[in-house]
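Enquirer: how does the following fold in three dimensions:
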Amino acid sequence: MRIGTRKSTMALAQTAEIARRLTLAAPGLDVEIVKFETIGDTDQTSKLLMHGGKGGAFVAEIREAVRSGRLNAAMHSLKDMPGNEDTPGLVIGATLPRESPADALVLRQGLSLEDFRRARGKGFKLGTNAVRRAAYAKRLFPDVEVIHYRGAADTRVRKLDDGEMQRLPDGGETGPADALIMARSGLERVGLGGRIVYEFSPGEMLPAVGQGIVAVECAAADWETRRALALIDDTSAHLCCDAEREVLWVLNGHCNSPIAGHAVIAGGEMTLTASVLDESGGAFIESTHSGPASRPRELGRAVAFDLLEQGAAAIIARTRVEV
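Expert: Numbers count the residues shown, from 1 in each chain. The predicted structure is shown next:
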């Protein structure tokens, strides 16, 4: 089985875990990891919106290799996969058990959490490329300056510590950053979990849809690959995946929309919370519903329709820009 992945340290670690699980579940299966350098990896300056969001920057090229038959499957971080558009001929064949979906604060070496708390972010430059994290940061820390910041997880932390400026799409520069907001799971995957000084609760910063879940995508008609992937599929993570992504589908949320969603399962019941913000963090709506975990898409639709009734469509329309 040929599995495509990005060349980043995190992506390779995720794909190696998929290969490990597959060879344990299906002894004798030959798994080959095929590395891709996507446009999102080579262009560390532009905003991802310029490449069609994370889907265009990190997913599209590897997906096309699956469609053409050059790959049997592709590894994606679920949060990078567009949820508002069809993916003809492809299905998520497996999801690994969900790691922490939380966002975390990382500070430049020499700064402490007490420094940040005392200033409440005033005078701090906080780096992120995620519009959702930026919107929540502006709500939590009105005085912080949120700056455009790109790079793989380990690259971003190195740039933070080195005081490196971030190049901007217009040719200018911004920075250096004093702090970053990043996914806890990503930091841990690259061995930087010890740099986390604070973990945001879902009530403070609701995670991105699919955050902490690794997905394996394959051709819908490739039943041999689908049978193999089914052996490593985590049912709980897949149900949460379906519920959260249904919110994106109904809302038609695009890559510049600060939309968040997080599902948890307790017993046979799932609770799903989702939110929509504007880029400034000023406008904010949220909805929580519970229902049978066995019907995740229905729950996702209920939450999404509630958000629409509260005005989500207007907020999302304001964040839709032409490029």
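Enquirer: do a quick rundown of the helices in this protein.
Expert: Using DSSP state H, the helices found in the chain span residues 9-25, 39-42, 53-54, 60-67, 113-119, 131-140, 153-162, 184-189, 223-230, 235-251, 296-309, 312-319.
Enquirer: so where's the stretch 151-300 of the chain uncertain?
Expert: In the predicted model, the stretch 151-300 of the chain carries pLDDT under 70 at residues 254-255.
Enquirer: now the helices of the chain as JSON lines including distance to Leu168 and mean neighbour count?
Expert: Heads up, the C-betas are built off the backbone N, CA and C, glycines and all. Below are the helices of the chain laid out as JSON lines (distance: least, Cβ to Cβ, whole Å; neighbours: other Cβ atoms under 10 Å):
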{"stretch": "helix 9-25", "distance to Leu168": "24", "mean neighbour count": "18"}
{"stretch": "helix 39-42", "distance to Leu168": "16", "mean neighbour count": "17"}
{"stretch": "helix 53-54", "distance to Leu168": "18", "mean neighbour count": "22"}
{"stretch": "helix 60-67", "distance to Leu168": "24", "mean neighbour count": "18"}
{"stretch": "helix 113-119", "distance to Leu168": "25", "mean neighbour count": "13"}
{"stretch": "helix 131-140", "distance to Leu168": "15", "mean neighbour count": "22"}
{"stretch": "helix 153-162", "distance to Leu168": "14", "mean neighbour count": "18"}
{"stretch": "helix 184-189", "distance to Leu168": "23", "mean neighbour count": "23"}
{"stretch": "helix 223-230", "distance to Leu168": "40", "mean neighbour count": "16"}
{"stretch": "helix 235-251", "distance to Leu168": "28", "mean neighbour count": "23"}
{"stretch": "helix 296-309", "distance to Leu168": "33", "mean neighbour count": "20"}
{"stretch": "helix 312-319", "distance to Leu168": "20", "mean neighbour count": "18"}
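Enquirer: which of these sits closest to Leu105?
Expert: helix 113-119 (7.4 Å; Cβ to Cβ).
Enquirer: residues making contact with the closest one?
Expert: 105, 107, 124, 143, 179, 197-198 (Cβ atoms under 8 Å, 6 or more residues apart in numbering).
Enquirer: what is the mean pLDDT for stretch 87-106?
Expert: Throughout stretch 87-106, pLDDT has a mean value of 95.
Enquirer: check which residues of it are buried.
Expert: 87, 90-96, 98-106 (16 or more other Cβ atoms under 10 Å).
Enquirer: who touches the nearest residue to Asp234 once chain neighbours are set aside in this structure?
Expert: Leaving aside its sequence neighbours, Asp234 sits nearest to Pro97 (Cβ to Cβ, 6 or more residues apart in numbering; 4.4 Å). Contact analysis of Pro97 by Cβ under 8 Å, 6+ apart lists 234, 236-237.
Enquirer: can you check Pro101 too?
Expert: If you count contacts by Cβ under 8 Å, 6+ apart, then Pro101 has 183-185, 202, 207-208, 211-213, 262 around it.
Enquirer: bridge partners for the closest residue to Ile196 other than its chain neighbours, pull those for me.
Expert: Nearest residue to Ile196, sequence neighbours excluded (Cβ to Cβ, 6+ apart): Ala104, at 4.3 Å. Counting by DSSP bridges, Ala104 is bridged to Met182, Glu199.
Enquirer: gap between Ala104 and Ile181?
Expert: 7 Å (Cβ to Cβ, to the nearest Å).
Enquirer: now swap in Ser236 and tell me
Expert: Taken as Cβ to Cβ, the span from Ser236 to Ile181 is 26 Å.
Enquirer: same question, Asp162
Expert: 19 Å.
Enquirer: pLDDT at the nearest residue to Asp222 once chain neighbours are set aside, what is it?
Expert: Of all residues not flanking Asp222 in the chain, Asn72 sits nearest, at 6.6 Å (Cβ to Cβ, 6+ apart). Note for Asn72: predicted pLDDT of 97.
Enquirer: from what I see, Asn72 and Ala221 are in contact.
Expert: No: Asn72 is not in contact with Ala221 according to Cβ atoms under 8 Å; the separation is 12.0 Å.
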